[in-house]
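Chemist: Here's my sequence, what's the structure:
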Amino acid sequence: MSYYQRHIFFCTNCREDGNCCENYGASQIRAYAKQRAKELGITGKGGVRVNTAGCLDRCNEGPVAVVYPEGVWYTYVDEQDVEEILQEHLVHGRVVERLRI
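Modeler: Here you go, the predicted structure:
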């Protein structure tokens, strides 16, 4: 068994041409997700790890996050979208189809 059940990676890359997730506030959204995951009690061994990632090479679909080990890619607009990903996918194991890429 792996140490974490799931990882969620948020692209926080910033490109000079401006086509990047960071222009959508990705770092702030990742910080929100990390704090909420702690509040929900889903972090730590056997739980969820919220990670920062460099470029995930899907800039045109951004902002993006990916959940492993399932390999489910998401886009999001705001904290409410990320809250839905946290509650549905990371807590209950249900993919949020409306946000799936």
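
Chemist: so who does the nearest residue to residue 10 once chain neighbours are set aside touch?
Modeler: The spatial neighbour of residue 10 that comes closest, neighbours along the chain excluded (C-beta to C-beta, 6 or more residues apart in numbering), is residue 30 at 3.9 Å. Yep, even glycine has a C-beta here, placed from its N, CA and C like the rest. By C-beta atoms under 8 Å, 6 or more residues apart in numbering, the residues touching residue 30 are 10, 12, 50, 52.

Chemist: how close does residue 30 sit to residue 60?
Modeler: 20 Å (C-beta to C-beta, to the nearest Å).

Chemist: Can you pull out the low-pLDDT segments for the chain?
Modeler: The model of the chain has pLDDT under 70 over residues 1.

Chemist: center of it - which residue?
Modeler: The chain has residue 65 as the residue nearest its centroid, 3.9 Å off, counting by C-alpha atoms, centre = their mean.

Chemist: element containing the residue nearest to residue 10, please.
Modeler: Using DSSP states H and E, residue 30 sits within helix 26-40.

Chemist: What would that helix look like as PDB? C-alpha coordinates only.
Modeler: This file holds the C-alpha atoms of helix 26-40, laid out as PDB (Å, rounded to 0.1, in the frame of the first residue of the first chain):
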ATOM      1  CA  ALA A  26      -3.800  28.600  -9.200                       C
ATOM      2  CA  SER A  27      -1.400  29.100  -6.200                       C
ATOM      3  CA  GLN A  28      -4.300  30.600  -4.200                       C
ATOM      4  CA  ILE A  29      -6.600  27.800  -5.200                       C
ATOM      5  CA  ARG A  30      -4.000  25.200  -4.300                       C
ATOM      6  CA  ALA A  31      -3.600  26.900  -0.900                       C
ATOM      7  CA  TYR A  32      -7.300  26.800  -0.400                       C
ATOM      8  CA  ALA A  33      -7.400  23.100  -1.300                       C
ATOM      9  CA  LYS A  34      -4.600  22.300   1.100                       C
ATOM     10  CA  GLN A  35      -6.300  24.100   4.000                       C
ATOM     11  CA  ARG A  36      -9.700  22.500   3.300                       C
ATOM     12  CA  ALA A  37      -8.200  19.000   3.000                       C
ATOM     13  CA  LYS A  38      -6.700  19.500   6.500                       C
ATOM     14  CA  GLU A  39     -10.000  20.800   7.800                       C
ATOM     15  CA  LEU A  40     -11.800  17.800   6.300                       C
END
